[in-house]
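Q: Structure for the following, please:
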Amino acid sequence: MDSPDEAIDPATAFGALSDPTRVEIIEALADTHRERPGNPTLPFSELRKRVGVRDSGRFLYHLKKLRGHFVEKTDEGYRLNYAGVEMASAILAGTYTGRETLGPVELDSACSECGETAIGAYEDGVLSVSCDNDHPLFHWGVPPNAAADATVEELLELATVLVHRAVELALLGTCPKCYDSISTAVRPVEPEVGEEEVVPRFHAVCETCGAQLLGPIGFCLLSHPEVNALYNRHGRSVRTSYLWELEFAQNDGSLVNEGDDDRLRLTFRLEGEELSVTIDDTAHATETTRRTVE
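A: Here you go, the predicted structure:
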């Protein structure tokens, strides 16, 4: 069985995929991984047959180029390693090669800034929502294969789930992309044109892969039990709502400084209830206060 020794140069690893035969090997092993997840190994002869290369010497040459990068050899044959599974997913999803364009289409929702109709569109792997006044409401990457047979509304539903998962992982200290350590923080963002003051936002950047999460400070409350309970009491769901429609994530105008220790208090109302949440400088909620209002 192959055993890892030292880190591999990225250029060398990606260069191993420079031949169509090697891509077909990855795809054939990915099919086996999907068909037999408990035993995703193929003997040399069967793998060569699936790829359709008659010359065993030529096939072995290409297979060796993938070993140590995306493929590992076992006593039973060959299978994808972790990097191979990830690369196969990217290839099949069209992450690097797919092109899909959807929209723009009007959504059954209004801009939280001006009340104009929200408009969604998907292009070059990015789903975005804004309005006719160019207020940015949503922005998230979605692989092209997800858009192949979907509507903008369906993509937005998927992207909303991905945002919730990404924020939850980040608040737990795990990068949602590479699963290395990540830290969340409350960071000031310079005002845009027409705005007068610096606004604190939810912020997380992975020092390993560069993944970045930036959004309203209310993002840190997406999975907060008291916030979710409040919405459930009023017949709404935090997890299935458009993010810009959530009162605690619409804007940061309800933020006030809690004291001299960089804590903030975010207050929002939902019908007859008001919830105040204290947020520390790591973007974690520490205290909540609920009261009935008229």
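Q: Could I get the full set of strands for the stretch 151-294 of the chain?
A: For the stretch 151-294 of the chain, the strands defined by DSSP state E, counting those that start in this stretch occupy 183-189, 199-205, 212-216, 255-257, 264-270, 273-279, 285-292.
Q: how big is the angle separating the third one from strand 199-205?
A: Relative orientation of strand 212-216 versus strand 199-205 (axes from the mean of the first three to the mean of the last three C-alpha atoms, to 10 degrees): 160 degrees.
Q: buried ones in strand 212-216?
A: 213, 215-216 (16 or more other C-beta atoms under 10 Å). In this view, the C-beta of every residue, glycine as well, is placed from N, C-alpha and C.
Q: Tabulate these (TSV), appending pLDDT and distance to Arg291.
A: Formatted as TSV, the buried residues of strand 212-216 follow (pLDDT from 0 to 100; distance: C-beta to C-beta, whole Å):
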residue	pLDDT	distance to Arg291
Leu213	91	31
Gly215	90	27
Pro216	90	23
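Q: Export the lengthiest strand in the chain to PDB, keeping only CA atoms.
A: Longest strand of the chain, by residue count under DSSP state E: strand 101-110. Extracted as PDB, the C-alpha positions of strand 101-110 are listed here (Å, rounded to 0.1, in the frame of the first residue of the first chain):
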ATOM      1  CA  THR A 101     -26.200  30.900 -16.700                       C
ATOM      2  CA  LEU A 102     -29.600  31.400 -15.100                       C
ATOM      3  CA  GLY A 103     -31.700  34.500 -14.800                       C
ATOM      4  CA  PRO A 104     -32.000  37.200 -13.900                       C
ATOM      5  CA  VAL A 105     -35.400  36.500 -12.500                       C
ATOM      6  CA  GLU A 106     -37.700  38.300 -10.100                       C
ATOM      7  CA  LEU A 107     -38.100  36.500  -6.700                       C
ATOM      8  CA  ASP A 108     -41.100  36.500  -4.400                       C
ATOM      9  CA  SER A 109     -39.200  38.700  -2.000                       C
ATOM     10  CA  ALA A 110     -38.400  42.400  -1.500                       C
END
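Q: Just checking: what are the partner strands of that strand?
A: Strand 101-110 has the following strand partners under DSSP bridges: strand 117-123 (antiparallel).
Q: before we move on, the earlier item: identify the residues contacting the longest strand of the chain?
A: The contact list for strand 101-110, computed with C-beta atoms under 8 Å, 6 or more residues apart in numbering, reads 116-123, 129, 131, 147, 150-153, 155-156, 242, 244-245.
Q: Wasn't Val129 part of a strand?
A: Yes - under DSSP: H, G, I helix; E, B strand; the rest coil, Val129 sits within a strand.
Q: where does the stretch 1-150 of the chain dip in pLDDT?
A: The model of the stretch 1-150 of the chain has pLDDT under 70 over residues 1-9, 93-99.
Q: mind listing the strands in it by residue range?
A: Assigned by DSSP E, counting those that start in this stretch, the stretch 1-150 of the chain shows strands spanning 71-73, 78-80, 101-110, 117-123, 126-130, 138-141.
Q: Make a markdown table from these and add distance to Cys220 to it.
A: Shown next, in a markdown table, are the strands of the stretch 1-150 of the chain (distance: least, C-beta to C-beta, whole Å):
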| stretch | distance to Cys220 |
| --- | --- |
| strand 71-73 | 40 |
| strand 78-80 | 36 |
| strand 101-110 | 23 |
| strand 117-123 | 23 |
| strand 126-130 | 21 |
| strand 138-141 | 17 |
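Q: Quick one: closest of those to Glu271.
A: Closest approach to Glu271 among the strands of the stretch 1-150 of the chain (C-beta to C-beta): strand 101-110, 18.2 Å.
Q: Name the residues of the closest one that are buried.
A: 102-103, 107, 109-110.
Q: contacting residues around Ile279?
A: The contact partners of Ile279, taken as C-beta under 8 Å, 6+ apart, are 186, 217, 220, 263-266, 285-286.
Q: again, 7 Å this time
A: Taking C-beta atoms under 7 Å, 6 or more residues apart in numbering, we find Ile279 in contact with 186, 217, 220, 263-264, 266, 285.
Q: which of those residues tops the neighbour count?
A: Counting neighbours by other C-beta atoms under 10 Å, Cys220 comes out on top of these with 27 neighbours.
Q: Nearest residue to that residue in space, ignoring adjacent ones along the chain?
A: Residue nearest to Cys220 in three dimensions, not counting chain neighbours: Ala283, with 4.4 Å by C-beta to C-beta, 6 or more residues apart in numbering.
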